[in-house]
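K.L.:
have a look at this prediction, sequence included:
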Amino acid sequence: MASLEQDYITVPGQIFACISLVGPDCPQKNDKFGLKIRGCFGTRDEASSHAKRLQKEDATFDIYVVDMYKWLLIPPDRDHIEDVHYNEEKLEELMTSYRTNQAMAAKMFEERKKGMAEKPIDGLGFLKPGDENSKYYTKPDEPPISHPADILEKLKQERPDAPIEELVKLADEQVKAEIEERQKQREKTLE
């Protein structure tokens, strides 16, 4: 084989496989690598249900549902395999929930990213129509008010010989002025 591409000559009905591994870098330790093919299936669901059935009968080894005809790193990176069945039932449950949450988080991130790129609805700020929390965030985003410590650092660079007490007062005055300016801007937008 000249390259690491996927095979295109395949056995009909064998798309996914259930495998277990042992080795020095695997969760199930051995001084040498070992691979056990636990079955080949036409769909991921069939392979997954077979892996669950095997896991109930023999919980000694983790079972991975992998694509056939593609290269697989040994030991496999669990983060890149969608369907791993762990040898402990509680761990299996936790990891399934974790993968579901990660998928939901990625979906919500993409929705938020897409929503931020779109123009907001007039008068309603940045919100998605029908969002259950929309009544709580109808104001447009504002940059945060500067922190006195940040201003103090700038003042120290500008006036290295000034006493710290004087610099603190100046920083507080600048923050106060920024707050007052922000309030004036808000009042103008309400009118």
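P.N.:
Nice, thanks for sending it over.
K.L.:
kindly list the longest helix within the protein.
P.N.:
In the chain, with assignment by DSSP state H, the single longest helix is helix 89-117.
K.L.:
what's that helix packed up against?
P.N.:
When contacts are defined as 3 or more C-beta pairs under 8 Å, 6 or more residues apart in numbering; DSSP states H and E, helix 89-117 packs onto no helix or strand at all. For the C-beta atoms, the positions are set from N, CA and C on the backbone; glycine is no exception.
K.L.:
low-confidence ranges, the chain, go.
P.N.:
Counting by pLDDT under 70, the chain has low-confidence residues at 1-2, 75-95, 117-141, 191.
K.L.:
per-domain residue ranges of it.
P.N.:
The chain breaks down by automatic domain parsing into domains covering 16-87, 148-190.
K.L.:
neighbours around Q28, how many?
P.N.:
Residues lying near Q28 (other C-beta atoms under 10 Å) number 14.
K.L.:
and it, how far from K36?
P.N.:
Separation of Q28 from K36 (C-beta to C-beta, to the nearest Å): 10 Å.
K.L.:
backbone dihedrals for the residue in the chain sticking out farthest from the centre, both of them.
P.N.:
Most distant from the centre of the chain: D161, at 47.6 Å, with distances by C-alpha atoms, centre = their mean. Main-chain dihedrals, D161, degrees, to the nearest 10: phi -90, psi -10.
K.L.:
now do the strands in this structure.
P.N.:
With DSSP state E, the ranges of strands along the chain come out as 16-22, 34-41, 63-67, 83-85.
K.L.:
in TSV: those strands, plus mean neighbour count and distance to K107.
P.N.:
As requested, the strands of the chain are exported to TSV (neighbours: other C-beta atoms under 10 Å; distance: least, C-beta to C-beta, whole Å):
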stretch	mean neighbour count	distance to K107
strand 16-22	21	24
strand 34-41	15	27
strand 63-67	21	22
strand 83-85	20	19
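K.L.:
now distance to E110 too, for those strands, in a markdown table please.
P.N.:
Listed next are these as a markdown table, based on distance: least, C-beta to C-beta, whole Å:
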| stretch | distance to E110 |
| --- | --- |
| strand 16-22 | 27 |
| strand 34-41 | 31 |
| strand 63-67 | 24 |
| strand 83-85 | 22 |
